[in-house]
Structures are given as C-alpha cells and as structure tokens.
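S.K.: pasted the sequence and its predicted model underneath.
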Amino acid sequence: MEESYCVGFNIESQNIGLDPHGHSKGMTGPVAYWHANDIEERLQALLDAGAAAHQGVRDVGGGKLLASVKDTGGNVIGLIQAL
C-alpha cells in the first residue's frame with residue numbers, strides 16, 4: 001500500500017509501515033502500533049498508567065487514526081484504530 005502517511009507492506013500477515021516523515025516527527029526507530037477499538041480510551045489508559053504523551057490522536061486518512069505515547073523507559077508505543 002502507498003498512502004500519504006506511509007508505505008506499507010504485508011508479509012505473511014505481518015503489516016509493516018514506513019513513515020517517510022517519521023524522523024521529522026521525532027521517530028528514531030521502529031514503533032509497534034497496537035490495534036484499539038477506542039483509541040481515545042486506550043490512549044487515556046496509557047497516560048493514566050504513567051506514559052507520557054508523544055503524538056495525540058490524528059486522522060491519517062484511509063479510515064485510520066493514530067496516536068503514540070512514551071513509556072517510562074522512553075520507548076514509543078503506538079495505537080491505531082480503523083474506522
């Protein structure tokens with residue numbers, strides 16, 4: 001797949017996306033995105049558990065919402081919701 005927000009590959013049922021603008025967003029390595037039925041609820045649960053906000057919920061097109069946080073070790077954790 002090729003979208004404005006990423007180039008994606010599906011290899012043996014594993015989705016891999018490359019963000020061509022990731023470095024300018026502070027992304028310095030891979031980010032795992034976990035599927036969420038309600039991205040706002042999951043994002044708040046992570047923040048309540050001590051994660052720090054990284055990128056708020058944003059519509060990236062194609063019926064997808066993305067958000068991310070940093071855990072206490074500085075690792076970025078992504079969330080994705082398909083609309």
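M.R.: Arrived safely, thanks for sending.
S.K.: in its sheet, what does the helix or strand of the chain with the lowest mean pLDDT sit against?
M.R.: Between all helices and strands in the chain, the lowest mean by mean pLDDT, DSSP states H and E belongs to strand 14-18, at a mean of 72. Applying DSSP bridges, strand 14-18 is found paired with strand 7-11 (antiparallel).
S.K.: state the mean pLDDT of the strand it pairs with.
M.R.: Summarised as a single mean, pLDDT over strand 7-11 is 76.
S.K.: so where's the chain shaky on pLDDT?
M.R.: By pLDDT under 70, the weakly predicted segments of the chain are 1-6.
S.K.: follow-up on the earlier one: any idea how far the least confident helix or strand of the chain is from the chain center?
M.R.: Averaged C-alpha coordinates place strand 14-18 at 11 Å from its chain's average position (Cα atoms, centre = their mean, to the nearest Å).
S.K.: correct me if wrong, but Gln44 is in a helix.
M.R.: Yes. Counting by DSSP: H, G, I helix; E, B strand; the rest coil, Gln44 falls inside a helix.
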